[in-house]
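Enquirer: With the input below, show me the fold.
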Amino acid sequence: MTSLVGTRILLRFNLRRDRLMIPVWVAVNTLMVLSMPNTLKTLYGTPAERADLIHQVATNASFRALIGPVFDDSVGALTAWRVGVYAGVLAAVTSLLVVVRHTRDEEESGRQELISSGAVGRRASLTAALLAAAVANAVLALLVVAGLAGQGAVGALAFGLGLGAVGLVFATAAAIVAQLTESARLARGLTAGVLGAAFVLRAAGDSATTDGSSVWTWLSPLGWLENLRAYAGERWWVLALFAAAIALQAAVAYGLAGRRDIGMSFLPTRPGPSVGRLGTAGALAWRLQRGSVLGWSLSFFVVGVVYGGLTDGVADIVGDNESARRIFERMGGQSALTNAFLAAMVGMMGLVAALYVVGSVLRLYGEETSGRAEPVLANPVGRLRWAAGHLVIAFGGSVLLMLVTGLGFVVGYGKEAGPILGACLVQLPAVWVIGGLAVLLYGVLPRAATAAWGVAGAVLLIGWVGPALDAPRAVLDLSPFGHLPKLPGGGMEWGPVLVLLALAVALVAAGLTGLRRRDLTT
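Expert: Model (predicted):
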């Protein structure tokens, strides 16, 4: 078909461009899944402990909303339960980022017009983008199947296929949204909103029933993943739901792609505000990033409420399980279980906030490489002033995220705000160090700027998986979060906090110095 001419070459090009991003995201997801069986064997090594866990999940609606219902007491079934929803979310995020990057991003930057001037079919770029996402999900599925085969090959196959299918559902959803919108930023935001709605629908359904049978659960692809029931009497017919959704969404995306011009969209673009509202570099940065800040803030508040609501019941969930108690103590740094749980959850939110900071800082790289920064800098706006507008949004936005997280915990937990808000704010120096590394890479080595995602992914992996695997202290100390005081409940240590703050300032200063001295990327 002439409309697909050039797909193979474009696919190779896409995979080359994503040679860092896809492996990092797939590796983080795979390691999160494969680390779980040994952890669960340690935590729930006896049938009695596993039976008690299943009972606690069945009687705790908040816990089911957060993770989902348990269908069997085998290690494989517990693994699919414990990480299934979050592995599915990570697969979806990877897929939507890949598809939007190679479709709407290319059109917005003008590169797609140059590509299309050659011997390239009308739908080749969309096909190559979807195939790149398919490659990422296929690798994830293969690694998960191979890694979990020891728990049962049939269950591993079902779980791996389910994860890959969730990724492809959101890849094709992103392909549709990329046809509807004229902005890559809006395309990512809308697809992320669809993913958030899928999570909320699944959570609402799982909180209402103990077996995943709610209509709300079945309205969500994440609910399909859990109802596939890997290691618990697999329901292979659920894969037909994934196949139908993927095929239908892909058909819609291809139909829309054939009915519009390059660079155009089906949703009308609203006129911009008056010049007075965009009269400064900071105002422009806020205009570009306000949707992201507000979306992240709402998500952090909701998660804070959910985690806060779980705090009072954590003692019942852990029960007499000393292994589970020790993991919370390693994450939270103290023996009082409630405080350890709060400190561990606040630390996890800090790790996720680091992802926001990296994405916000790298908006500078996107503005530069797309050519939009050059017209701004052609006016009486210096590079440092231009960059400062985005960095204020990045670093100031992280303060807002941790504040709303603390407020969410207070609402959900119903206790005094001071200690919890202090615990949230103490995460900021470590978050800023990761952001400072992103600024340094962008300012000094702009072509390696996306490596900041790899740093953030590694830190996320250390923080999430390290305590569960009882990683050596030397490994945990590779993360700046490993040096923070464990609050609430622990003692405040200003030394490490001040050192991390100084390091973050030095990294940002070095990055801005490099930006000021180098040429703009062309």
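Enquirer: burial measure for residue 519, as a count.
Expert: By the measure other Cβ atoms under 10 Å, the count of residues near residue 519 is 6. For the C-beta atoms, the positions are set from N, CA and C on the backbone; glycine is no exception.
Enquirer: ok, now residue 302?
Expert: The local packing of residue 302 (other Cβ under 10 Å) involves 18 other residues.
Enquirer: Could you measure from it over to residue 63?
Expert: Relative to residue 63, residue 302 is positioned 16 Å away (Cβ to Cβ, to the nearest Å).
Enquirer: dump the residue contacts of residue 394.
Expert: Residues in contact with residue 394 (Cβ atoms under 8 Å, 6 or more residues apart in numbering) are 356, 357, 360, 361, 363, 435.
Enquirer: got the contact list for the fourth one?
Expert: By that I understand residue 361. If a contact means Cβ under 8 Å, 6+ apart, then residue 361 has 390, 391, 394, 435, 438, 439, 442, 452 as its contacts.
Enquirer: same thing but 10 Å
Expert: Listed by Cβ atoms under 10 Å, 6 or more residues apart in numbering, the contact partners of residue 361 are 387, 390-391, 393-395, 434-443, 449, 452, 508, 511.
Enquirer: Helices - which of the residues you listed land there?
Expert: 387, 390-391, 393-395, 434-443, 452, 508, 511 (DSSP state H).
Enquirer: shaky segments in the stretch 1-150 of the chain?
Expert: Flagging of the stretch 1-150 of the chain using pLDDT under 70 yields the residue ranges 1, 62, 112, 116-117, 121.
Enquirer: before we move on, what about the stretch 201-350 of the chain?
Expert: For the stretch 201-350 of the chain, the stretches flagged by pLDDT under 70 are 261-279, 312-337.
Enquirer: Swap in 80 and give it another go.
Expert: 207, 258-282, 291, 306-344 (pLDDT under 80).
Enquirer: ranges for the helices of it?
Expert: Taking DSSP state H, counting those that start in this stretch as the test, the helices found in the stretch 201-350 of the chain are 215-218, 221-227, 238-257, 281-311, 314-318, 322-332, 337-361.
Enquirer: got JSON lines for those, with distance to residue 106 too?
Expert: Output for these, formatted as JSON lines (distance: least, Cβ to Cβ, whole Å):
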{"stretch": "helix 215-218", "distance to residue 106": "36"}
{"stretch": "helix 221-227", "distance to residue 106": "26"}
{"stretch": "helix 238-257", "distance to residue 106": "13"}
{"stretch": "helix 281-311", "distance to residue 106": "19"}
{"stretch": "helix 314-318", "distance to residue 106": "47"}
{"stretch": "helix 322-332", "distance to residue 106": "41"}
{"stretch": "helix 337-361", "distance to residue 106": "19"}
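Enquirer: Of those, which stretch is the most buried?
Expert: Counting by mean count of other Cβ atoms under 10 Å, helix 221-227 has the highest mean neighbour count of the helices of the stretch 201-350 of the chain, with a mean of 27.
Enquirer: list the helices and strands that helix packs on?
Expert: Counting by 3 or more Cβ pairs under 10 Å, 6 or more residues apart in numbering; DSSP states H and E, the packing neighbours recorded for helix 221-227 are helix 75-102, helix 153-180, helix 184-208, helix 215-218, helix 238-257.
Enquirer: one more time with 7 Å
Expert: Where contact means 3 or more Cβ pairs under 7 Å, 6 or more residues apart in numbering; DSSP states H and E, helix 221-227 is packed against helix 75-102, helix 153-180, helix 184-208, helix 238-257.
Enquirer: how big is the angle separating the second one from helix 75-102?
Expert: With axes from the mean of the first three to the mean of the last three Cα atoms, to 10 degrees as the criterion, the two stretches helix 153-180 and helix 75-102 enclose an angle of 20 degrees.
Enquirer: For helix 153-180, which residues meet the burial criterion?
Expert: By neighbour count on 16 or more other Cβ atoms under 10 Å, the buried set for helix 153-180 is 155-180.
Enquirer: same check, this time on stretch 99-117
Expert: Across stretch 99-117, burial judged by 16+ other Cβ under 10 Å covers 99-109, 112, 115-116.
Enquirer: can you give me the offset of it from its chain's centre?
Expert: Averaging C-alpha positions (Cα atoms, centre = their mean, to the nearest Å) puts stretch 99-117 24 Å from its chain's average.
Enquirer: that older thread, quick check: the two most widely separated of the contacts of residue 394?
Expert: Within the contacts of residue 394, 363 and 435 form the most distant pair, 12.0 Å apart (Cβ to Cβ).
Enquirer: if we can go back for a sec, got TSV for the contacts of residue 394, with distance to residue 406 too?
Expert: As requested, those are arranged in TSV below (distance: Cβ to Cβ, whole Å):
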residue	distance to residue 406
356	16
357	17
360	20
361	23
363	26
435	19
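Enquirer: With neighbour numbers in mind, choose between residue 363 and residue 435.
Expert: Between residue 363 and residue 435, residue 435 has the larger neighbour count (other Cβ under 10 Å), namely 28 against 19.
Enquirer: which secondary structure element contains residue 65?
Expert: For residue 65, the enclosing helix or strand under DSSP states H and E is helix 61-67.
Enquirer: Mind giving me the packing neighbours of that helix?
Expert: On a contact count with 3+ Cβ pairs under 7 Å, 6+ apart, helix 61-67 meets helix 75-102, helix 184-208, helix 281-311.
Enquirer: Noted, bye for now.
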